[in-house]
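# need coordinates for the following:
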Amino acid sequence: MKRSAALLASTLLTHPILASSAMAQTATHAERDASSRSAVHGDSDADVVITAPYVADLDLLAGASVVSGDELVRDIRGQIGDTLTRVPGVSATSFSPGASRPVLRGFQGERVRVLSDGLGTLDVSNTSTDHAVSIDPLTAERIEVLRGPAVLLFGSQAIGGAVNVLDRRIPRALPENGFHVDAIGTYGSAAEERSGGAAVDVALDHQFVLHLDGSYRKTDDVRTGGYILSAPLRAEQLAIAAEESAEGHLDEAAEATALASQRGRLPNSGTRTYTLGGGLSLINDGGSLGFSVGYYDTNYGVPARPGAGHAHDGGAEDEGEEHVTIGLHQLRADMRGEVKTGGGFLDSIRVRAGFSDYKHTEFEGTETGTVFNSTGFEGRLELVQADRGGWRGVIGFQGMTRDFSAIGEEAFVPENTTDQYGLFTLQEVNLGKLGLEGALRYERTNVRSNSVRLGLEEDAPIGRIDRGFDAFSGAVGLSYAVGPLVKVGINASRAVRAPSAEELFSNGPHVATQAYEVGDPNFRTEKSWGGEVYARGAIGGLKFQLAGYANWFTDYIYETETGLEIDELPVFQYRQADARYLGVEGEVSATLLKHGEFTLGGNVVADYVRATLEDGSAVPRIPPFRVLAGLDASQGPFGGRVEVEHVTRQSRIAAFETETPAFTLVNASLTWHPFGEKRETALILSADNIFDVEARRHASFTKDFVPLAGRDIRVAARFSF
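Numbering: from 1, shown residues only. Next up, the predicted model:
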């Protein structure tokens, strides 16, 4: 009960989504690994991951996946995208080891919201794939992957799903013994990664809790499996070598040949990140009120495409010899409060707010290239309805504002301001075996800039553009309990998204992506109809979560190469067209053998999405079919896992893309809980990509010259007391 009460202060969607996992009892192996080892909250239910206070058995979603406990410690990477790639339906942008955002059901960028305890990260990671997410997974207590139409209650930018990262920076409960300490340390051989993080919660008295945390991570250039360059880029470099050799330019020929044969370390891929944070909460029977302040600082390299280079203002060409790095820092303040009203129509009132001062600088060598500044605020107010004969729900308001500027020769987006506010409601009616749910959202977005270049020419006029968009979205769901722990259901949704400032106003060179990016200030709202069928539940030792979904878009916004060049850079233009997404995903897990304390289990994860534009061509950067199968064994405080992940070749590509070969990764891990299997303290030894294969994610903008890490022997330790 303490865990449930503590989590009452979470944001609206955190609760209904994760309530679905409580109903379905379809915990993934990640959830089972967590197995109620929470010394902070004292949770003893191995099946219920998070309990929602006002909705149970909500079925608007095909389910939520939770990464916590041992699995989170084992899979922690520097960026949130690379931490989640074992979850069904999840890939990553993997731009570089320092910048990787989640890809959900083939969606990325403006269609996936990354949240910190229910609010946006208030960074600019959604504006470009080279921008890091300002969350260090070392400070996370759990990470939730949320899918389906109900996540639109987070905002229209969650049309593809949301990733919610929960920490304890604003404490949710009094620590049981007056204090609680968590510490995590990791070492990874592929990038000589050294990282550590620690958090402490101290009860100042019977109502006040103080929290402090910090983390540090340092990596060298990552070692990869196979060649650095993909086969098409190697062929390109060998052709250049042959041409240069024929012309007598032997040094240039040797350089191109060396690039084509390069293996081992990926140049300019090192990272350094640290965070500091603190919070204070007042918690009593009437509710809670808490505040926190956090600082995030990172510096990471941006690997360059071979031959990348362009001229500046008609000057000499930059051959890309200067490494591009990004230095980023964010100062963030947060507040969360709740008042328990004691019944009647309302059960509680919650408020959540966050403010961010963000800056990142793109360096070309030692010189400052472009500086990005963003100041943002986001807040939510939620009125939680009491249960009245099986009818319950929530009504809320959400507001967000962002002031953005980019200063420098390669400021591809002009200074702009975005204001957005929304009204939403989520309602559920429980009719026994039958369940009905409905959600509605109205959202108003205003995007304006005083300095938009109205053309591609250097002397094109500069003008002011002020756009306003109204968006009405809704979802309905019907579920039926086939058995005590098995439900099937169907959902339908209508979603509308306003174009972002980047999609509207971009017009300039972007050094990190080596592209000239162009938006369209005349864009209309992006609209879609969605449908989803699912089945989830447990039958004996078998647990499953399966979903099939489809989205039909009107005025879908995408980016494509035009074939033009400006300043030696390829021009990428945002455009609108109709589009269709079809996909399936799921996980099945089972207990295969149980004898005394020994348990052997297995699970299979698979996902596939097919996305097509109205002219029949493929939507760019869609992950191919993937299947992952693993075996888990445990004996008392010891556990182990072996898994094989196969990703098929992606040959269904946009005109400017290259095919991505299939690859197979074999991973293994051993876990020891020295103080007993129910305690959080753990030592983990793992080996990823054991056979050192060459692997690339098709969703990555840089996949042809930024492969995934090769063989990576990792040691991780978590101490909790």
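# which stretches of this structure have low pLDDT?
Counting by pLDDT under 70, the chain contains low-confidence residues at 1-63, 149-150, 307-321.
# can you check which helix is longest in it?
Identified as the longest helix of the chain according to DSSP state H is helix 231-246.
# distance between that one and the chain's centre?
On the basis of C-alpha atoms, centre = their mean, to the nearest Å, helix 231-246 sits 37 Å off its chain's mean C-alpha point.
# what's next to it, contact-wise?
For helix 231-246, the surrounding residues in contact (C-beta atoms under 8 Å, 6 or more residues apart in numbering) are 227, 229, 250, 252-254, 256-257, 259-261, 305-307, 658, 661, 704-705. (Each C-beta comes from the backbone N, C-alpha and C, glycine too.)
# show me the longest strand that occurs in the chain.
strand 569-595 (DSSP state E).
# next, the angle strand 569-595 makes with the very next helix or strand once past that strand.
Scanning forward in sequence from strand 569-595 by DSSP states H and E, the next helix or strand is strand 598-613. For strand 598-613 against strand 569-595, the angle by axes from the mean of the first three to the mean of the last three C-alpha atoms, to 10 degrees is 150 degrees.
# okay, buried residues for strand 598-613 please.
Going by neighbour count (16 or more other C-beta atoms under 10 Å), the buried part of strand 598-613 is 599, 601-613.
# export these to a markdown table and tack on distance to Arg336?
Formatted as a markdown table, the buried residues of strand 598-613 follow (distance: C-beta to C-beta, whole Å):
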| residue | distance to Arg336 |
| --- | --- |
| Thr599 | 38 |
| Gly601 | 37 |
| Gly602 | 39 |
| Asn603 | 34 |
| Val604 | 38 |
| Val605 | 33 |
| Ala606 | 37 |
| Asp607 | 33 |
| Tyr608 | 38 |
| Val609 | 35 |
| Arg610 | 40 |
| Ala611 | 37 |
| Thr612 | 42 |
| Leu613 | 42 |
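# centre of the chain to stretch 668-682, how far?
27 Å.
# could you list the alpha-carbon positions for it in CSV?
Provided in CSV are the C-alpha atoms of stretch 668-682 (Å, rounded to 0.1, in the frame of the first residue of the first chain):
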residue,chain,number,x,y,z
ALA,A,668,24.4,-13.4,-22.0
SER,A,669,24.4,-12.2,-18.4
LEU,A,670,24.9,-13.6,-14.8
THR,A,671,23.3,-11.9,-11.8
TRP,A,672,24.1,-12.4,-8.1
HIS,A,673,22.1,-10.9,-5.2
PRO,A,674,24.5,-11.3,-2.3
PHE,A,675,21.9,-10.3,0.4
GLY,A,676,19.2,-12.5,-1.0
GLU,A,677,17.0,-12.6,-4.1
LYS,A,678,14.4,-10.2,-2.6
ARG,A,679,16.9,-7.4,-2.1
GLU,A,680,17.9,-4.8,-4.7
THR,A,681,21.6,-5.1,-4.2
ALA,A,682,23.0,-7.0,-7.3
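# next, count neighbours for the closest residue to Ala579 other than its chain neighbours.
In space, and not counting its chain neighbours, Ala579 is closest to Tyr556: 3.8 Å by C-beta to C-beta, 6 or more residues apart in numbering. By other C-beta atoms under 10 Å, 23 other residues sit near Tyr556.
# surely Tyr556 touches Tyr574?
No: using C-beta atoms under 8 Å, Tyr556 is not in contact with Tyr574, being 10.9 Å away.
# please name the bridge partners of Leu282.
Going by DSSP bridges, Leu282 is paired in beta bridges with Phe208, Leu289.
# burial of it, as a residue count?
Neighbours of Leu282 using other C-beta under 10 Å come to 16.
# distance of it relative to Ile713?
Distance of Leu282 to Ile713, computed by C-beta to C-beta, to the nearest Å: 45 Å.
# name the element the nearest residue to Gln385 once chain neighbours are set aside belongs to?
Among residues not flanking Gln385 along the chain, Gly393 sits closest, at 5.0 Å (C-beta to C-beta, 6+ apart). Gly393 belongs to strand 391-408 when elements are defined using DSSP H and E.
# show me which residues of that strand are buried.
Arg392, Gly393, Val394, Ile395, Gly396, Gln398, Met400, Arg402, Phe404, Ser405, Ala406, Gly408.
# closest to Pro175 among those residues?
Minimum distance to Pro175 across those is 28.8 Å, recorded for Val394 (C-beta to C-beta).
# how far away from the center of its chain is the helix or strand hosting Val482?
For Val482, the enclosing helix or strand under DSSP H and E is strand 462-483. The chain centroid and the centroid of strand 462-483 are separated by 20 Å under C-alpha atoms, centre = their mean.
# and that strand, what's buried?
Ile465, Arg467, Phe469, Ala471, Ser473, Gly474, Ala475, Val476, Gly477, Ser479, Ala481.
# CA atoms only: put it into PDB for me.
The C-alpha trace of strand 462-483 is given here as PDB (Å, rounded to 0.1, in the frame of the first residue of the first chain):
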ATOM      1  CA  ILE A 462      13.100  37.700 -44.000                       C
ATOM      2  CA  GLY A 463       9.600  37.800 -42.600                       C
ATOM      3  CA  ARG A 464       7.400  37.200 -39.700                       C
ATOM      4  CA  ILE A 465       5.100  34.100 -39.600                       C
ATOM      5  CA  ASP A 466       2.600  33.400 -36.900                       C
ATOM      6  CA  ARG A 467       0.600  30.200 -37.200                       C
ATOM      7  CA  GLY A 468      -2.200  28.900 -34.900                       C
ATOM      8  CA  PHE A 469      -3.500  25.300 -34.900                       C
ATOM      9  CA  ASP A 470      -6.600  23.800 -33.300                       C
ATOM     10  CA  ALA A 471      -6.400  20.000 -32.700                       C
ATOM     11  CA  PHE A 472      -9.300  17.700 -31.500                       C
ATOM     12  CA  SER A 473      -8.300  14.200 -30.700                       C
ATOM     13  CA  GLY A 474     -10.200  11.300 -29.200                       C
ATOM     14  CA  ALA A 475     -10.100   7.600 -28.500                       C
ATOM     15  CA  VAL A 476     -12.600   4.800 -27.500                       C
ATOM     16  CA  GLY A 477     -11.900   1.300 -26.300                       C
ATOM     17  CA  LEU A 478     -13.900  -1.800 -25.700                       C
ATOM     18  CA  SER A 479     -12.500  -4.800 -23.800                       C
ATOM     19  CA  TYR A 480     -13.800  -8.200 -22.800                       C
ATOM     20  CA  ALA A 481     -12.600 -10.500 -20.000                       C
ATOM     21  CA  VAL A 482     -12.300 -13.900 -21.700                       C
ATOM     22  CA  GLY A 483     -11.000 -15.400 -18.400                       C
END
